[in-house]
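Asks: Here's my sequence, what's the structure:
(chains A and B)
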Amino acid sequence: MSRVYIAGVGLTKVDEHWWISLENLMTEASIKALDDAGLSRIDSIYVGSMLSLILQEQGHLGALLAEELGLSGIPAMAVEAATASGSAAVYAGAREIESGRADAVLVVGVDKMSDGMAEEVAAAMTSSERQEYTGFIGATFYSINALIYNLYMDKYGVSQEKIALFPVLCHEHSVNVPHAQYPFKIKLETVLNSPYVSEPLRRFETTAIADGAAALVLVNEETARKLDSPKTELLIEASTDYLTPFQREDPLWFPAVQLATSRALSRAKLERRDIKILEVFDATSIMAILSLESSGFAERGKAWQLLEKGELSLSGSIPCNTFGGLKARGHPAGATSVYQIAELHLQLTNRAGKNQVDSARAGLAQSLGAVASTAFVTILKEV
Amino acid sequence: MFRIKIPRYWRHKDFRYRLNAWRCNHCGEVHFFKPLVCRKCRSREFNQVSLPDTGKLLAYTVVRSPPEGFEAQSPYIVGIVELDDGTRILSQITDCHPEELKKGMRVEATLRKIREDDEDKIIAYCYKFRPTV
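Replies: The predicted structure is shown next:
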């Protein structure tokens, strides 16, 4: 089985890009990634998108992107796994390289939420839940998070002031990030005084409408040796769970995150203590907390202690969401997980600018679809 | 423009009107919608069961950013109810204000309008839970 390397990354700024089309967004990220790798030819393309079929009524993103890149003729297709769609594309691309069928694959995550009205986007986001059940009664992703949030505070006796530190951390990290949607600091009081989205969940504990595309060039060992660009080795594993958390044994535990994390660590022959940078999927503050706990980087009911002690800050023992995470870099749905992986790559290749974390040799990114119904875990290693 | 597709809506009305569901013959797992394979034990044999229409409220919240089709109802309450047989069900909570609710309080099922087709004005109904008086 061939090893997989990232040889190039390309990011667009996360923003409401009213004057840029879905096609131009994903093409821009792709060109940047190909230029970063110093490659003009690739064997195939995988695109991850969650919302394009709903908001732009645009399917067939594989052939579309190949055409936009002047690469028509090569195999290209889209894959979907809700908000983890980008990771699903990475998974498909990585498996193609591992199998020996491809030398170089372009992987792109894209979504453009600003083409929808707020209600359309809210409805589109519930497509990752069981529509005939959750969607039918008007329960949103955020309301399900709010219910879990309530159960969590009850069970562990942790207050909202502790959990709401997560968005504060993310904004601290986004300040110097050119591609971040919200590159400014916020105070805990700002989070706690922001309006409710769904009690107890507040606006600043969630993400906003965002457009963005991120791309990676994945290559095999032989191609990696020929290219001069900075590289990291990539390992990706995945797991799934029931669509509705309340149908699971324990809604406060994400078995998919636990499984995918263990699989990825074991394949990378690493222990948790070897991971020096972490990307968690903070679609809401409580999701970040539960992901930290389910993946074993924090004890159950105690993830807030890592926040309070500063362990997750840039100078901490395990810096987390070093470019601002979903909250502050932004969360363009299906594109987000490719941003997470690209950002780990920038860290491990010493191109993280003012946010550079010292002496990290391996990083781990968790990407989730809905409330951990899908979990992808990617480990990048310095080469 | 929100539309209701009749066949898609009607095929699930047994569950939505009467809380009729399926219980796995082997492991007892409850499935709200007609299953072919049990998600827990992979058995293919089920009995149709009528779920209890009373239970307790485990947690609740208020939806303030509604999806399409629910704008007129917002804000509305969504809760997670543990039925008397232990089944957890997600539901709108009705006939009360959020400040009247308490975790652990008894609730009962009732049949209510859930939403309306914007063009044909067809009304879709569903279970909702309300505090037991």
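Asks: What is the neighbour count of the nearest residue to A:G138 once chain neighbours are set aside?
Replies: Among residues not flanking A:G138 along the chain, B:F70 sits closest, at 4.1 Å (Cβ to Cβ, 6 or more residues apart in numbering or on different chains). Backbone N, C-alpha and C define where each C-beta goes, glycine included. By the criterion of other Cβ atoms under 10 Å in any protein chain shown, B:F70 has 23 neighbours.
Asks: One more: the one 4 residues further on?
Replies: Residues contacting B:S74 under the criterion other Cβ under 10 Å number 14.
Asks: quick one, phi psi at A:A335?
Replies: Dihedral pair for A:A335: phi -80, psi -20, per degrees, to the nearest 10.
Asks: That one: what's it in contact with?
Replies: A:A335 is in contact with A:G48, A:S49, A:G86, A:G109, A:V110, A:D111, A:G212, A:A213, A:A214, counting by Cβ atoms under 8 Å, 6 or more residues apart in numbering or on different chains.
Asks: can you rerun that using 10 Å?
Replies: A:11-12, A:14, A:25-26, A:29, A:47-51, A:83, A:85-86, A:89, A:108-113, A:210-215 (Cβ atoms under 10 Å, 6 or more residues apart in numbering or on different chains).
Asks: Can you tell me the centre-most residue of the chain?
Replies: Reading this off chain A. A:S337 (2.5 Å; Cα atoms, centre = their mean).
Asks: You answered for a different chain; I wanted chain B.
Replies: Nearest to the centroid of the C-alpha atoms of chain B, with distances taken as Cα atoms, centre = their mean, sits B:S91, at 4.4 Å.
Asks: Could you pull out the strands in the stretch 151-300 of chain A for me?
Replies: Listed in chain order, the strands of the stretch 151-300 of chain A (DSSP state E, counting those that start in this stretch) span A:196-198, A:201-202, A:211-219, A:232-240, A:277-279.
Asks: quick revisit: local confidence estimate at the residue nearest to the centre of chain A?
Replies: pLDDT, A:S337: 98.
Asks: in what helix or strand does the closest residue to it other than its chain neighbours lie?
Replies: Nearest residue to A:S337 in three dimensions, chain neighbours excluded: A:S367, at 3.4 Å (Cβ to Cβ, 6+ apart). Using DSSP states H and E, the element containing A:S367 is strand A:362-369.
Asks: Can you check what angle separates that strand from strand A:232-240?
Replies: Per axes from the mean of the first three to the mean of the last three Cα atoms, to 10 degrees, the angle that strand A:362-369 makes with strand A:232-240 is 30 degrees.
Asks: so what strands line up beside strand A:362-369?
Replies: Under the criterion DSSP bridges, strand A:362-369 sits next to strand A:277-279 (parallel), strand A:374-382 (antiparallel) in its sheet.
Asks: got a list of contacts for the shortest one?
Replies: Read it as strand A:277-279. Residues from elsewhere that reach strand A:277-279, judged by Cβ under 10 Å, 6+ apart: A:272, A:291-292, A:295, A:297, A:306, A:312, A:314, A:318-323, A:325-326, A:336-337, A:339-341, A:343-344, A:347-348, A:352, A:357, A:360-367, A:377-378, A:380.
Asks: if we go to 6 Å?
Replies: A:I318, A:P319, A:C320, A:N321, A:Q340, A:Q347, A:V357, A:A360, A:G363, A:L364, A:A365 (Cβ atoms under 6 Å, 6 or more residues apart in numbering or on different chains).
Asks: In helices, which of these appear?
Replies: A:Q340, A:Q347 (DSSP state H).
Asks: neighbour-wise, which of the contacts of strand A:277-279 leads?
Replies: A:Q340 (30 neighbours).
Asks: just to revisit the earlier point, could the contacts of strand A:277-279 go into CSV alongside distance to A:E119 and pLDDT?
Replies: Converted to CSV, the contacts of strand A:277-279 look like this (distance: Cβ to Cβ, whole Å; pLDDT from 0 to 100):
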residue, distance to A:E119, pLDDT
A:I318, 39, 96
A:P319, 37, 98
A:C320, 33, 98
A:N321, 29, 98
A:Q340, 28, 98
A:Q347, 37, 98
A:V357, 40, 96
A:A360, 42, 90
A:G363, 37, 98
A:L364, 36, 98
A:A365, 31, 98
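Asks: Out of the contacts of strand A:277-279, flag the one nearest to chain B.
Replies: Nearest to chain B, judged by Cβ to the nearest Cβ, of the contacts of strand A:277-279 is A:N321 at 23.5 Å.
Asks: ok, now how distant is that closest one from A:K155?
Replies: For A:N321, the distance to A:K155 equals 25 Å [Cβ to Cβ, to the nearest Å].
Asks: again, but for A:L312
Replies: A:L312 sits 22 Å away from A:K155, going by Cβ to Cβ.
Asks: Would you mind telling me which of the two has more residues around it?
Replies: A side-by-side neighbour count of A:L312 and A:K155, using other Cβ under 10 Å, places A:L312 first with 28 against 12.
Asks: The more buried one contacts A:T322, doesn't it?
Replies: No: in this structure A:L312 lies outside contact range of A:T322 using Cβ atoms under 6 Å: 9.4 Å.
Asks: Could you list the contact residues of chain B toward chain A?
Replies: Contact residues, chain B versus chain A (Cβ under 6 Å from any Cβ of the partner chain): B:12, B:59, B:61-65, B:67-68, B:70-71, B:78, B:80, B:88, B:90, B:92, B:126.
Asks: Only whichever of those residues are buried, select them in PyMOL.
Replies: Selecting only the buried entries of the residues of chain B next to chain A in PyMOL, with 16 or more other Cβ atoms under 10 Å in any protein chain shown as the criterion:
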select buried, chain B and resi 12+59+61+62+63+64+65+67+68+70+78+80+88+90+92+126
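Asks: and the next element down the chain from the lowest-mean-pLDDT helix or strand in chain B?
Replies: Taking mean pLDDT, DSSP states H and E as the measure, the helix or strand of chain B with the lowest value is helix B:6-10, at a mean of 92. The C-terminal neighbour of helix B:6-10 among helices and strands, as given by DSSP H and E, is helix B:13-18.
Asks: Can you name the residues in contact with that next one?
Replies: B:N20, B:A21, B:F32, B:C126.
Asks: Please identify which helix or strand holds the second one.
Replies: Looking back up the chat, that one is B:A21. Going by DSSP H and E, B:A21 is in strand B:20-24.
Asks: Also the last one?
Replies: Using DSSP H and E, B:C126 falls within strand B:123-131.
Asks: So which bits of that strand are buried?
Replies: Across strand B:123-131, burial judged by 16+ other Cβ under 10 Å covers B:A124, B:C126, B:Y127, B:K128, B:F129, B:R130, B:P131.
Asks: Quick one: list the elements packing against that strand.
Replies: Packing partners of strand B:123-131 (3 or more Cβ pairs under 6 Å, 6 or more residues apart in numbering or on different chains; DSSP states H and E): strand B:88-93, strand B:106-116.
Asks: ends of stretch B:8-18, how far apart?
Replies: When the termini of stretch B:8-18 are compared using Cα to Cα, to the nearest Å, they are 17 Å apart.
Asks: Contacts for the helix or strand bottoming out on mean pLDDT in chain A, please.
Replies: Sorting the helices and strands of chain A by mean pLDDT, DSSP H and E puts helix A:118-125 at the bottom, at a mean of 91. With Cβ under 6 Å, 6+ apart as the contact definition, helix A:118-125 has outside contacts at A:L51, A:I54, A:L55, A:M113, A:T140, A:F141, B:S65, B:P67, B:E68, B:E71.
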